[in-house]
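Visitor: Predicted model follows, preceded by the sequence.
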Amino acid sequence: MMSALWVSKTGLSAQDMALHTISNNLANVSTIGFKRDRAVFEDLLYQVLQQPGAQSSQDTTLPSGLQLGTGVRIAGTQKMFGIGSMQTTEAPLDLAVEGRGFFQITMPDGSIGYTRDGQFRMDQDGQIVNSQGHPLEPVISIPEDAETITIGVDGTVSVMTKGNPAATQVGTVEIVNFVNPAGLQANGGNLFAETPASGSPQSGTAGTNGLGYILQGTLETSNVSVVEELVNMVSVQRAYEMNSKVVSTSDQMLQYLTQNV
Amino acid sequence: MDKLLYVAMSGAAQIDRAQTLHSNNLANVSTLGFRADLAQARSVQVYGDGFNGRVYALTEQPGSDFKQGPLMETGRDLDTAITGAGFFAVRGSDGVEAYSRSGDFVVDALGALRDGAGREVLGEGGPISVPSYDALFIGADGSVTIQPEGQGPEALVQLDRLKLVKPERGELSKGEDGLLHTTAGAPLQSSPEVALVAGFLENSNVNAVNEMTSILELARQFELQVRLMKSAQENDETATRLLRIN
């Protein structure tokens, strides 16, 4: 059968996957701490049908050969860890990392999830938890009688209690960094998991060793740029249309062949 | 049997190959740094018994189009595009130095600079290793500078320079892995003339309109060949009818 059909089929499925990435980015345009993905296209292997430079006779060689590509594939998606814009919220447990770094969340199975989403709350025991109720690591408990909670740029959590003029330090929010954050595995729920590609987490105090500062009362919004995604969507749609046109053209060629011979 | 049928059949088969080449270009219309393949047809005369009227067509790929593709602004520090002629040097899957135009670099867990497909990017002194950094800058000449983790902008460290080559016409041809390889075999010398721009990516240089038009034109040519096959069949039928003793 016509190989052009299969080549354009790879084009269609790659563009389809690219559209999937774009629509996921657009769907998460309001997700706090979301990092957009970018589809990476890669051309598939080439088949050498005629080797350039091969002997066409004893004394002559072929001046140019014929190598046919077999299409395209999505080599992967790249997480783009560009910083989102900062939104001020005034809620004391809304945190953002200004710079590099991730908050650590203890998952129900005991593993650690990493997130840039700093929408924290308190549970019934006064523990700081994320919006799914999983506790922040290291565990920080806010005393029941706390009136105000202050979180410093280095992550120090202190509370003021009634009748006590001095602030009490109750813990420190630690953040971690990875050599290659793009290698983290996105698990949904705004959480990432460590992989061999990301390297192991290097924890530290916020604001030191290249880690970002912690901002209280601030949230980092999604880093999706709507305009960029829409432009990408237009080009994906047109590329998809053109590849489907190749499919129908190849089909017409085959149809003409079967009807006339 | 009429030789016309075989000439037309080979014509249709060769058009099928050219069609594959153009659809591959079109499938790679969004592949970063992709260089469109060119197609040409060459006439090959067949000498044999009788009149030498048989000239077959042969589809060939004389090379790739090295025209500049459109630049897209991304703002990412590791995205790099070459403006004008030139190529990045990467280590292909066979371990041999090969050349590409795709500049969507990443730093892996071990600190190695790789391209989007995971191939090691080569500098003047071999593969580039990037320690943990706060900021990374790629200069217009390919020099990679970092601000090491936890240090101020006064402590910038220059790591290496990306190996950039500027081949002569015909020195590079596309290999089976889609990367460009030297025809002579020996790696190319780096060239100071190649200019980069950071924060940009170069898209595929496939001209979608050209490819679409070529595909439609080839489809019509294919129909023409099929029509000739049909004519050969009709000729044959007529000849059989004339010769039939009724």
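Guide: On my side now, so go ahead. Please read all numbers here as calculations on a predicted model, not as lab measurements.
Visitor: which parts of the stretch 151-261 of chain A sit against chain B?
Guide: With C-beta under 8 Å from any C-beta of the partner chain as the criterion, the stretch 151-261 of chain A comes near chain B at residues A:177-180, A:182-183, A:196-199, A:202, A:208-210, A:235-236, A:238-239, A:242-243, A:245-246, A:249-250, A:252-253, A:256-257, A:260-261. (C-beta placed from N, C-alpha, C; glycine too.)
Visitor: ok, now with 6 Å
Guide: A:179-180, A:182-183, A:197-199, A:209-210, A:239, A:242, A:246, A:249, A:253, A:256-257, A:260-261 (C-beta under 6 Å from any C-beta of the partner chain).
Visitor: Just the buried residues of those.
Guide: By neighbour count, with 16 or more other C-beta atoms under 10 Å in any protein chain shown, those hold A:179-180, A:182-183, A:197-199, A:209-210, A:239, A:242, A:246, A:249, A:253, A:256-257 as buried.
Visitor: Count the neighbours of residue B:135 for me.
Guide: Using other C-beta atoms under 10 Å in any protein chain shown, residue B:135 has 13 other residues around it.
Visitor: So what does it have for phi and psi?
Guide: phi -140, psi 150 (degrees, to the nearest 10).
Visitor: ok, now which ones touch it?
Guide: Listed by C-beta atoms under 6 Å, 6 or more residues apart in numbering or on different chains, the contact partners of residue B:135 are residue B:147.
Visitor: And it, how close does it get to residue A:182?
Guide: 16 Å (C-beta to C-beta, to the nearest Å).
Visitor: In strands, which of the buried ones among the residues of the stretch 151-261 of chain A next to chain B fall?
Guide: Per DSSP state E, strands hold no members of those.
Visitor: among the residues you listed, which are in helices?
Guide: Using DSSP state H, the members of those that fall in helices are A:239, A:242, A:246, A:249, A:253, A:256, A:257.
Visitor: Please produce CSV containing these, extended by distance to residue A:32 and pLDDT.
Guide: Listed next are these as CSV, based on distance: C-beta to C-beta, whole Å; pLDDT from 0 to 100:
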residue, distance to residue A:32, pLDDT
A:239, 32, 93
A:242, 37, 93
A:246, 42, 93
A:249, 46, 93
A:253, 52, 91
A:256, 56, 91
A:257, 57, 89
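Visitor: any chance of the residues you listed in CSV, with distance to residue B:178 too?
Guide: Shown next, in CSV, are these (distance: C-beta to C-beta, whole Å):
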residue, distance to residue B:178
A:239, 18
A:242, 20
A:246, 19
A:249, 24
A:253, 26
A:256, 32
A:257, 31
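Visitor: which secondary structure elements does the lengthiest helix in chain B contact?
Guide: Secondary structure of chain B per DSSP H: the longest helix is helix B:208-243. In terms of contacts (3 or more C-beta pairs under 6 Å, 6 or more residues apart in numbering or on different chains; DSSP states H and E), helix B:208-243 is packed against helix A:226-260, helix B:3-27.
Visitor: list the buried ones in the longest one?
Guide: The neighbour-count criterion (16+ other C-beta under 10 Å) identifies A:228-229, A:232-233, A:235-236, A:239-240, A:242-243, A:245-247, A:249-250, A:253, A:256-257 as the buried residues of helix A:226-260.
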